[in-house]
Structures are given as structure tokens and as C-alpha cells.
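In: below are the sequence and a predicted model; questions follow.
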Amino acid sequence: MPWGDLAMFLRRAIDIALADHVAAVEHKGWVFFDRGLVDAASALEALTGEPVLRPLCMTHRYHRRMFMAPPWPDIYVTDTDRKHGFDAAVVEYRRLMETYPALEYEVLHLPKSTTAARADFVLASLDG
């Protein structure tokens with residue numbers, strides 16, 4: 001469980017994100033990541049002060065547009081997989097909302113609507 005050594009967990013998440021990034025090159029068409037290198041590197045840098053974010057994330061780039069959904073209180077739940085509470089999610093969201101633009105990404109907010117409508121929004125935004 002990551003809760004025992006969060007820094008070790010984040011380093012492992014970075015390793016997996018880098019491998020995923022390399023593997024994505026082999027696929028034709030769009031590849032979507034739910035979380036990834038920027039999230040893990042940003043969290044590790046915030047936790048430890050290690051300057052990992054910019055060197056990793058400027059070398060391993062994603063599409064210029066990032067899609068974010070803020071933590072919505074009416075659907076946010078804490079469970080066995082999501083142990084951190086809503087307040088921690090808000091702190092993380094705010095950190096990422098500063099991080100992505102600082103890394104020259106355009107952040108688009110997902111609409112609070114149905115899954116299908118959000119998917120349509122993402123695909124339409126990528127075509128433009």
C-alpha cells in the first residue's frame with residue numbers, strides 16, 4: 001500500500017508513467033491517460049522537494065491540451081482505493097491547476113455532465 005511510503009509509491013508511479021508513455025507511441029490514434037507523469041512528479045516534488053517535475057515533464061510530453069475535472073463534492077467518495085479525503089483532493093487539484101500551465105499545457109475543464117457528453121467534449125476539443 002502506498003500509504004506506508006508515499007515517496008516510494010510516487011517514484012514507482014513515475015516509472016510506470018514513463019513506461020506507459022513509451023508504449024503509447026506504438027498505438028495509432030488517440031491514447032488517453034487518467035493521471036500520469038505530471039501528476040506523480042508534481043506530487044513527489046511537493047512531498048520531498050526533489051526537483052523532478054520540470055526535467056521529466058518537459059522531456060516526456062503529452063498532447064498540449066489537458067482535461068481536468070475538479071473534485072465535485074456531490075460525487076466524491078472515499079473508499080478502499082481513494083483514501084484521501086475531499087480537502088486533500090482540492091489541494092491536489094489546485095497544485096495541478098498551477099503545474100500544468102507552468103509546463104505549457106492548456107487546461108480544459110470537463111463539463112459536469114454525463115459520461116457520454118464529457119467524451120464528446122474531449123474528442124471535439126482534440127480535433128480543434
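Out: Looks like it arrived, so ask away.
In: my guess is Leu47 is in a helix, correct?
Out: Yes: according to DSSP: H, G, I helix; E, B strand; the rest coil, Leu47 belongs to a helix.
In: OK, contacts around it?
Out: Contacts for Leu47 (CB atoms under 8 Å, 6 or more residues apart in numbering) come out as Leu6, Ala7, Leu10. The C-beta positions use only the backbone N, C-alpha and C, and glycine is treated the same way.
In: where in this protein is pLDDT low?
Out: Applying pLDDT under 70 to the chain flags residues 1-3, 128.
In: need the longest helix for it.
Out: Determined from DSSP state H, the single longest helix within the chain is helix 6-24.
In: what does it rub up against?
Out: For helix 6-24, the surrounding residues in contact (CB under 8 Å, 6+ apart) are 2, 31, 33, 35-37, 39-41, 43-44, 47-48, 52, 56, 60, 62.
In: are any of those residues buried, and which?
Out: The neighbour-count test (16 or more other CB atoms under 10 Å) marks Gly36, Leu37, Asp39, Ala40, Ala41, Ala43, Leu44, Val52, Leu56, His60, Tyr62 as buried among these.
In: biggest separation within those residues, which pair?
Out: Pairwise distances across the buried ones among the contacts of helix 6-24 (CB to CB) peak at 17.6 Å, for the pair Leu44 and Tyr62.
In: separation between the spatially most central residue of the chain and Ser42?
Out: Closest residue to the average C-alpha location of the chain: Arg35 at 3.2 Å, with CA atoms, centre = their mean. Per CB to CB, to the nearest Å, Arg35 is found 11 Å from Ser42.
In: contacts only, for the nearest residue to Arg64 once chain neighbours are set aside.
Out: Closest residue in space to Arg64, ignoring its immediate chain neighbours: Glu106 at 5.7 Å, by CB to CB, 6 or more residues apart in numbering. Residues near Glu106 by CB under 8 Å, 6+ apart: Arg64, Arg65, Met66.
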